[in-house]
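*Asks:* Predicted structure and sequence below. I'll ask about it afterward.
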Amino acid sequence: MVAYRGFIAAAGLWLVTACGPANVQLVKAQDCDGGNLKDCRERCDQNVPRACYRLGWFHERGQGVARDIRSAVSLYQKACDAGMAISCRALAIIYARGGDEVPADKRKAAQYYEEACKGGVLAACPDRSGLVAEPEFGDLGIKVKAPEAPALPQAPTIQTPTIQAPTLQTPSLPSVPQPSVPQPTLPTPGL
């Protein structure tokens, strides 16, 4: 039983080293991505775009702070100006819907949708009808534009060799010289 457990442990260790570490990153609750508003404020003050976006998201949703769309717009704007495309999309959604705190502005919404689309947020790109998809509940819109696949190299032209079946020839047997042995003569009857 002990040998079996040792085998299982060795196999598990081999599997981990052969496959490599998992691509999982744990987020500490003490940082901005873990929901720490103080850390978000400090990082946003240091001009970290992701922190400004996250802090804006908390303000927009009213999570951990009072719901304040104007503060969210200001924070999203700071992150969008720093190149965070998802923040541009958040601004576009706010301006497209409008509300009590921020009036609807279709021109600004279109401008921010365009910036978000150029920044790689595919959900901000218009479909064939020219409309931008509305976000679903809980959708943060974090989508990464897939890189274009490299062109495939042309397959080499392979010429198949022509193989001719060998012609079978019946071997000719060498002529065997006949021994020169006198043939007996038989007497013929009646002569």
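*Replies:* Sure thing, it's come through. Numbers count the residues shown, from 1 in each chain.

*Asks:* Next SSE downstream of the helix or strand bottoming out on mean pLDDT in the chain?
*Replies:* In the chain, the helix or strand scored least confidently by mean pLDDT, DSSP states H and E is helix 2-19, which has a mean of 50. Remark: after helix 2-19, the chain's next helix or strand is helix 37-45, criterion DSSP states H and E.

*Asks:* Show me what that following helix packs onto, helices and strands only.
*Replies:* For helix 37-45, the elements it packs on are helix 49-61, judged by 3 or more CB pairs under 8 Å, 6 or more residues apart in numbering; DSSP states H and E. (Each C-beta comes from the backbone N, C-alpha and C, glycine too.)

*Asks:* export the helix it packs on as PDB, just CAs?
*Replies:* Only the C-alpha atoms of helix 49-61 are listed here, as PDB (Å, rounded to 0.1, in the frame of the first residue of the first chain):
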ATOM      1  CA  PRO A  49      -5.800  52.700 -15.800                       C
ATOM      2  CA  ARG A  50      -7.100  49.300 -14.700                       C
ATOM      3  CA  ALA A  51      -7.500  50.600 -11.100                       C
ATOM      4  CA  CYS A  52      -9.400  53.600 -12.400                       C
ATOM      5  CA  TYR A  53     -11.700  51.300 -14.500                       C
ATOM      6  CA  ARG A  54     -12.300  49.000 -11.500                       C
ATOM      7  CA  LEU A  55     -13.000  51.900  -9.200                       C
ATOM      8  CA  GLY A  56     -15.400  53.400 -11.800                       C
ATOM      9  CA  TRP A  57     -17.100  50.000 -12.000                       C
ATOM     10  CA  PHE A  58     -17.600  49.900  -8.200                       C
ATOM     11  CA  HIS A  59     -19.100  53.400  -8.300                       C
ATOM     12  CA  GLU A  60     -21.400  52.600 -11.300                       C
ATOM     13  CA  ARG A  61     -22.700  49.400  -9.600                       C
END
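
*Asks:* Okay, buried residues for that helix please.
*Replies:* Pro49, Arg50, Ala51, Cys52, Tyr53, Arg54, Leu55, Gly56, Trp57, Phe58, His59, Glu60 (16 or more other CB atoms under 10 Å).

*Asks:* Next one, pLDDT for the residue lying closest to the second one once chain neighbours are set aside please.
*Replies:* Just to be clear, that refers to Arg50. Leaving aside its sequence neighbours, Arg50 sits nearest to Met84 (CB to CB, 6 or more residues apart in numbering; 6.5 Å). In this prediction, Met84 carries a pLDDT score of 93.

*Asks:* I'd like the numbering to begin with 26 instead of 1 from here.
*Replies:* Fine by me, first position is 26 from now on; the one you just mentioned is Met109.
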